[in-house]
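Quick one: sequence plus predicted model below, questions after.
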Amino acid sequence: MRITLRSIALISLIISFITSPNINASKVDEIDAAIDSALERFTNEIQGGATYLAGARGVLVIPKMIKAGVILGMEFGEGALIVDEIKIQYYRAFTTSLGIQVGIGRKDLVILFFDDAAMDDFLYSSGWEVGV
C-alpha cells in the first residue's frame, strides 16, 4: 500500500483517557488549581465562554497539556471531568499523531458535553476517540 503525505497527515488523533484513582492529595490540589486557571482563561478569551460552560452537561478540562514531537507527536496531561461544578473524576490523557511536526508546546484542552448521549458515551466507554 502506498502511503502519501496526505494520508499521513490525515491519520486520526486518538485520545486515551485513563481514570486516575491513584492521584495523591497534593497532586489533586495542583490539578484543581490548574483547572481553575484554565476555566478562567476560557471565560475571558472565548466570547460567550461563561454561557457555554453554564449550558454544558459536563466539562472535561486537561490544563497545561504538553505536546512534543518530531514526525511522531505525543501529548500528555492530567485533568478532571466537571459536572454541576463538581470534579467527579480525574483523568490522564495521552495522544499520538503522525505527520509533519516539530517542536514542543503547551495548551489547555476544554471539551464541553452538551447532551446526555455524548456525556454517557464518554463516561461509560473503555476508550474514547476524537477526530475519527
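Looks like it arrived, so ask away.

alpha carbons only for contacts and neighbour counts from here, please
Noted.

measure residue 44 to residue 61 for me?
For residue 44, the distance to residue 61 equals 16 Å [Cα to Cα, to the nearest Å].

scratch that, residue 123 is what I was asking about
Distance from residue 123 to residue 61, by Cα to Cα: 14 Å.

Neighbour count: those two, which is higher?
More neighbours surround residue 61 than the other of residue 123 and residue 61, with 28 against 13 (other Cα atoms under 10 Å).

so how far is residue 83 from that one?
Distance, residue 61 to residue 83, using Cα to Cα: 11 Å.

Same check on residue 67?
With distances taken as Cα to Cα, residue 67 is found 27 Å from residue 83.

These two: who's more crowded?
residue 67 (18 against 15).

list the contacts for the residue lying closest to that one once chain neighbours are set aside?
Distances taken as Cα to Cα, 6 or more residues apart in numbering place residue 75 nearest to residue 67, at 4.2 Å, with adjacent residues excluded. If you count contacts by Cα atoms under 8 Å, 6 or more residues apart in numbering, residue 75 has them with 65, 66, 67, 68, 93, 94, 95, 96.

and the third one, bridged to which residues?
Listed by DSSP bridges, the beta-bridge partners for residue 67 are residue 75, residue 105.

From residue 101, how far off is it?
Distance from residue 67 to residue 101, counting by Cα to Cα: 11 Å.

ranges for the helices of the chain?
Along the chain, the segments classed as helices by DSSP state H run 5-9, 25-45, 49-55, 116-124.

helices or strands up against the second one?
It refers to helix 25-45. In terms of contacts (3 or more Cα pairs under 8 Å, 6 or more residues apart in numbering; DSSP states H and E), helix 25-45 is packed against helix 49-55, strand 58-83.

average model confidence for the longest one?
Throughout strand 58-83, pLDDT has a mean value of 89.

What are the buried residues along that strand?
For strand 58-83, burial by neighbour count (16 or more other Cα atoms under 10 Å) applies to 58-69, 73-82.

Give me the phi and psi for residue 56.
Main-chain torsions, residue 56, degrees, to the nearest 10: phi -80, psi 140.

residues in contact with the nearest residue to it once chain neighbours are set aside?
What sits nearest to residue 56 in space, not counting adjacent residues and going by Cα to Cα, 6+ apart, is residue 114, at 4.7 Å. Contact analysis of residue 114 by Cα under 8 Å, 6+ apart lists 55, 56, 57, 58.
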